[in-house]
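model this:
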Amino acid sequence: MLNMYSQTVYDLRLWKNNNLFNDTKQCRIILHERGGRLGNRLFMFASAYGLSLRHSCQLYIDRKIIDELQKAFEVDSPICLSKPQLSTFTSIKKIYNHCSYIPNLLYSNKSYSLELSGFWQVHKYFIDHMEQIREQLRFKQSILDRVNNFLDKNINKNISTSVGIHIRRGDFLHARRVSSDKYILNAMSHFIAKYHSVIFVLVSDDKKYCRKIFGQKKNVFVTPDSFSVVDDLATLTLCEHIILTAGTFGWWGAFLLHNRLGNILTDSKSDHTPIDANCRADDYFPPWFSFLNNTNKND
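Next up, the predicted model:
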């Protein structure tokens with residue numbers, strides 16, 4: 001990942017020296033790609049949206065991306081430009097970024113068209129506009145109704161504290177690092193010690209595994225197989241607190257958490273960088289995310 005960061009800095013210096021940002025009358029931020037899964041796509045959307053707000057740039061987001069997001073969220077349509085408008089842009093520069101924060105990415109005194117490529121997993125590109133991002137990413141009422149119905153059947157909110165847990169497995173089992181059962185159990189113990197009665201609600205891309213390992217506990221519920229990915233994400237946001245494992249999906253459940261005072265525990269390597277990636281800790285994790293001791297130990 002450090003090589004990606006170095007390449008990004010090199011490209012920016014090259015583009016600046018060649019004055020490639022000076023061919024239009026105003027700045028434009030363009031998002032045309034739909035890489036990865038939902039968590040990655042939300043990072044790309046939020047980064048493009050945040051950069052456009054920070055520098056008062058015109059924002060173009062491909063209609064397919066907006067259509068996909070609008071199936072789940074109350075995303076505004078007016079943030080799109082038409083394809084005929086996009087075709088008139090000249091010297092659009094595409095920059096790939098995985099999770100590097102570059103403070104001088106945009107030069108506010110110049111004009112340019114910049115297209116985002118990669119995953120842009122850096123909260124600093126949009127954290128100053130957190131409320132606008134959260135407003136764009138409000139779940140559809142039909143989704144909230146379905147999830148609330150499930151939660152109401154399983155949790156007495158007057159008695160119990162709800163803690164959502166995201167457990168990422170799937171492709172990460174072969175290509176990346178996943179969080180250990182030990183970390184998850186330690187995180188659960190943290191909340192059990194802190195609150196009188198705790199109900200844990202698990203969402204995962206491997207619900208069979210979750211039911212086998214954790215489902216025998218009386219205070220653990222796994223979301224139904226009928227729930228979509230978006231239903232599961234909404235479930236996390238409606239819990240009072242969250243335990244995160246590897247991956248960006250849970251990150252967004254925590255970022256969109258309805259309870260602004262909720263505790264968010266996340267897994268990490270010993271230096272508090274993400275368990276599954278070589279991103280810088282303070283670029284990837286917002287300051288209100290917390291860590292447990294010894295979370296870097298696998299079973």
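
helix, strand, or coil at H166?
Following DSSP: H, G, I helix; E, B strand; the rest coil, H166 is assigned to strand.

can you report phi and psi for the residue nearest to it when sequence neighbours are not counted?
Spatial nearest neighbour of H166, chain neighbours left out: G250 (3.1 Å); criterion: Cβ to Cβ, 6 or more residues apart in numbering. Bear in mind the C-beta positions are built from the backbone N, C-alpha and C, glycine included. When read as degrees, to the nearest 10, the backbone of G250 gives phi -60, psi -30.

what number of residues lie near G250?
Taking other Cβ atoms under 10 Å as the criterion, the count of residues near G250 is 28.

give me the distance between it and H55.
For G250, the distance to H55 (Cβ to Cβ, to the nearest Å) stands at 30 Å.

sorry, back to before: and the residue nearest to H166, how far from D276?
According to Cβ to Cβ, G250 stands 11 Å off from D276.

shared neighbours of the two, which are they?
R168 (Cβ atoms under 8 Å, 6 or more residues apart in numbering).

thinking again about what came up before, which residues does the residue nearest to H166 contact?
G39, H166, R168, L236, I242, L244, T266.

repeat that for L38.
V229, V230, L233, F249, W252 are the contacts of L38 under Cβ under 8 Å, 6+ apart.

for I184, see how far away it is.
Using Cβ to Cβ, L38 is found at 21 Å from I184.

partners of P274 in the sheet?
For P274, the beta-bridge partners under DSSP bridges are S268.

wait, it sits on T248?
No: judged on Cβ atoms under 8 Å, P274 makes no contact with T248 at a distance of 9.1 Å.

name the element the residue positioned nearest the centre of the chain belongs to?
When Cα atoms, centre = their mean is applied to the chain, the residue found nearest the centroid is W252 (3.6 Å). Secondary structure assignment for W252, by DSSP states H and E: helix 248-255.

ok now that helix, how far from the chain's centre?
Distance of helix 248-255 from the chain centroid (Cα atoms, centre = their mean, to the nearest Å) equals 5 Å.

only C-alpha atoms, please: export that helix in PDB.
The C-alpha trace of helix 248-255 is given here as PDB (Å, rounded to 0.1, in the frame of the first residue of the first chain):
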ATOM      1  CA  THR A 248     -15.400  -1.500   5.200                       C
ATOM      2  CA  PHE A 249     -19.000  -2.700   5.500                       C
ATOM      3  CA  GLY A 250     -19.000  -2.500   9.300                       C
ATOM      4  CA  TRP A 251     -17.100   0.800   9.100                       C
ATOM      5  CA  TRP A 252     -20.100   2.300   7.400                       C
ATOM      6  CA  GLY A 253     -22.500   0.800   9.900                       C
ATOM      7  CA  ALA A 254     -20.600   2.600  12.600                       C
ATOM      8  CA  PHE A 255     -20.300   5.900  10.700                       C
END
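
what average pLDDT does that helix get?
Across helix 248-255, pLDDT averages out at 98.

next one: stretch 158-178
In this model, stretch 158-178 has an average pLDDT of 89.

how far off centre is it?
14 Å.

tell me the buried residues in it?
160-170, 172, 177-178 (16 or more other Cβ atoms under 10 Å).

what do you get for stretch 134-150?
Those would be Q136, L137, F139, I143, L144, R146, V147, F150, for stretch 134-150 by 16+ other Cβ under 10 Å.
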